[in-house]
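Chemist: Sequence first, predicted model second:
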Amino acid sequence: MKKIASSLAVNYFSTLVFLIFISCGNENGPVPQIEPEPIITEFIPNSGMISTQVAILGNNFVPTSAIANQKLRYSTVKFNGTITIPTGDYVYLGNNGEQIINTNVPIGATSGKITITTSSGITGSSTNDFRITIPIYEPNITVETAFGADFGIDPTGVAIDASGNLYVNSHNKIVKLTKDGPVTLLTTTNDNYNDDPDFGMAVDANNNVYAAVGHTIQKIKPDGTVTQFGPAFTLVKGLAFDASGDLYVSGDGIYKINQNGQVSGFAPGTWFSEPWGPKGIGGPKGIALDADGFVYVADFGNHKILKISPEGAVITVAGSTAGYWDALGTAAQFYQPFGIAINANGDIYVGDSENRAIRKISPDGNVTTVAGGNVGDFNGPGSSAGFSRIYGLALDATGNIYFADRWNFKIRKIEIK
């Protein structure tokens, strides 16, 4: 009986203490809730150099109420233990309700997990590793400025004629550049696409210049006459000629225009929507052709380089998910490839825009880095060169590369020895 009475007393006392605790909590505000652990569902790209911008997607980076009420919205991000600078990364709300952090790979980071720590000290980790890129650079590469900002250009696309004259799609104008003379204005345009501008350029055997302008292709004859070539398209991006003089166009798909201006669909696609279209092409940008009539496409949206046979079959030459990795074929990674050109040996050169690098794909599919990978404005050896966003590129008769280094307002030249 004494044991029962004692047990009842203990239970009564425990209940009383709990009620007092709850009562005190209600008087002073709500009982503190346990903060959920941050969940990282994805990060884009999944590999890159130091300073690469990375978008981290997930949930619980900050309380949802903090976003809704525009309150403090910062979390701490680390790459394999190395903290980003600044130490607090701002959290955005995505279109699908996910939380997003845009940050940069910090100096000193190594390959490993990404972690996010909330302001309350709760940490969550990614499932997969972020890989720090160590590029495989081509030897004997020199980068220089062919035409600088003093030429008054905002370059997006480039083409070269047989005499070495350079033609530039320069955001609202098409110009001709020569080392021995002033800038020649060929025509003005009305390009309002600042983040996704007109860039396509090509020159035929008769030195007629073709430029992507809005939804049309403008033909500029040597005497200065400007006419529209072919019909208006939904979208026009890359331009390239084949050996017989037919013009290939990338835009919402891949199209072929014969010398009479007649259009045939070569590999239709869908611009930045899923599925990517019947041929599996999403957001094609630069386009090039080899001597056998195969078409090569920089598939900006899928981070791949594609090859299309004359019969229309599409295969992936190189690339996979968004990232920066030198390797063979689909083990390699690009991040929004833009310009593309191919030389007589079958080497493919790619302007890898978000990686700020010029990449090379050899005929056997091996991917290396020609120059860049560094953000900035630096000439010199390929491994130390720095670029802004890379758009169109072209090869001269000796195989040197010219490309539009847009936000540095320059045309850069890479001498291939």
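Modeler: Structure received.

Chemist: Look up the closest residue to residue 149, ignoring the ones flanking it.
Modeler: Leaving aside its chain neighbours, residue 149 sits nearest to residue 409 (4.1 Å; criterion: CB to CB, 6 or more residues apart in numbering). In this view, the C-beta of every residue, glycine as well, is placed from N, C-alpha and C.

Chemist: which residues sit in contact with that neighbour?
Modeler: Taking CB atoms under 8 Å, 6 or more residues apart in numbering as the criterion, residue 409 is in contact with 148-149, 153-155.

Chemist: mind redoing it with 10 Å?
Modeler: Residues in contact with residue 409 (CB atoms under 10 Å, 6 or more residues apart in numbering) are 147-155, 170-171, 377, 388.

Chemist: Could you do residue 92 as well?
Modeler: 55, 57, 61, 67, 73, 98-102.

Chemist: same thing but 7 Å
Modeler: residue 100 (CB atoms under 7 Å, 6 or more residues apart in numbering).

Chemist: and it, bridged to which residues?
Modeler: residue 100 (DSSP bridges).

Chemist: for this structure, longest strand please?
Modeler: In terms of residue count, the longest strand belonging to the chain (DSSP state E) is strand 123-132.

Chemist: Within the sheet, what are the partner strands of that one, with directions?
Modeler: When DSSP bridges is applied, strand 123-132 pairs with strand 47-48 (parallel), strand 112-117 (antiparallel).

Chemist: what mean pLDDT does the longest one have?
Modeler: Spelled out, that is strand 112-117. For strand 112-117, mean pLDDT rounds to 97.

Chemist: what does the first one give?
Modeler: Throughout strand 47-48, pLDDT has a mean value of 98.

Chemist: Other residues contacting the helix or strand just after it?
Modeler: Per DSSP states H and E, the first helix or strand lying C-terminal to strand 47-48 is strand 53-59. By CB under 7 Å, 6+ apart, the surrounding residues in contact with strand 53-59 are 38-45, 48, 77, 94, 98-105, 114.

Chemist: so residue 337 touches residue 349, yeah?
Modeler: No: in this structure residue 337 lies outside contact range of residue 349 using CB atoms under 7 Å: 10.6 Å.

Chemist: Neighbour count for these two, which is higher?
Modeler: More crowded of residue 337 and residue 349, by other CB atoms under 10 Å: residue 337, with 27 against 24.

Chemist: Kindly provide the distance from the closest residue to the more buried one other than its chain neighbours to residue 322.
Modeler: Distances taken as CB to CB, 6+ apart place residue 298 nearest to residue 337, at 4.1 Å, with adjacent residues excluded. Computed as CB to CB, to the nearest Å, the residue 298 to residue 322 distance reads 14 Å.

Chemist: what do you get for residue 62?
Modeler: 25 Å.

Chemist: Of those two, which one has the most company?
Modeler: The neighbour comparison of residue 62 against residue 322 (other CB under 10 Å) goes to residue 62, with 24 against 20.

Chemist: so what's that one up against?
Modeler: Residue 62 sits in contact with 73, 75, 91, 99, 118, where contact means CB under 7 Å, 6+ apart.

Chemist: Give me the pLDDT for the residue nearest the centre of the chain.
Modeler: By CA atoms, centre = their mean, the chain has its centre lying nearest to residue 336, at 2.9 Å. We note a pLDDT of 94 for residue 336 in this prediction.

Chemist: likewise residue 256?
Modeler: Residue 256 is given a pLDDT of 90.

Chemist: For it, pull up the helix or strand it's in.
Modeler: strand 253-257.

Chemist: Adjacent strands (with direction) for that strand?
Modeler: When DSSP bridges is applied, strand 253-257 pairs with strand 247-251 (antiparallel), strand 263-268 (antiparallel).

Chemist: Indicate which one of those strands is closest to residue 182.
Modeler: Closest approach to residue 182 among the strands paired with strand 253-257 is made by strand 247-251 (29.3 Å; CB to CB).

Chemist: Extract the C-alpha set from that closest one and format it as CSV.
Modeler: Extracted C-alpha coordinates of strand 247-251, given in CSV (Å, rounded to 0.1, in the frame of the first residue of the first chain):
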residue,chain,number,x,y,z
LEU,A,247,23.3,27.1,-95.1
TYR,A,248,22.5,25.3,-91.8
VAL,A,249,20.6,27.2,-89.1
SER,A,250,20.1,26.4,-85.4
GLY,A,251,17.3,27.8,-83.5
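
Chemist: now that strand: mean pLDDT?
Modeler: pLDDT averaged over strand 247-251 gives 92.

Chemist: residues in contact with that strand?
Modeler: 202, 210, 217, 233-242, 254-257, 266, 284-285, 287, 289, 295, 297.

Chemist: Of these, just the buried ones, ChimeraX syntax please.
Modeler: A single ChimeraX command selects the buried members of the contacts of strand 247-251 (16 or more other CB atoms under 10 Å):
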select :202,210,217,233,235,236,237,238,239,240,241,242,254,255,256,257,266,284,285,287,289,295,297
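
Chemist: Please narrow the contacts of strand 247-251 to those residing in strands.
Modeler: Those of these lying in strands (DSSP E): 202, 210, 217, 236-241, 254-257, 266, 284-285, 287, 289, 295, 297.

Chemist: hang on, the earlier thing: return the most buried member of the strands paired with strand 253-257.
Modeler: With neighbours taken as mean count of other CB atoms under 10 Å, these reach their highest mean count in strand 247-251, at a mean of 25.

Chemist: Can you go through the contacts of residue 409 and name the buried ones?
Modeler: For the contacts of residue 409, buried by 16+ other CB under 10 Å: 147, 151, 153-155, 170-171, 377, 388.

Chemist: which among those residues gets closest to residue 341?
Modeler: Nearest member of those to residue 341, counting by CB to CB, is residue 155, at 15.4 Å.

Chemist: before we move on, the earlier item: got the angle for the strand holding residue 256 vs strand 236-241?
Modeler: 40 degrees (axes from the mean of the first three to the mean of the last three CA atoms, to 10 degrees).

Chemist: Can you pull the poorly scored residue ranges out of the stretch 1-150 of the chain?
Modeler: Residue ranges of the stretch 1-150 of the chain with pLDDT under 70: 1-33, 67-72, 87.

Chemist: just the helices in it please.
Modeler: Taking DSSP state H, counting those that start in this stretch as the test, the helices found in the stretch 1-150 of the chain are 2-28, 64-68.

Chemist: What distance do you get for residue 181 to residue 170?
Modeler: Between residue 181 and residue 170 the distance is 16 Å, computed by CB to CB.
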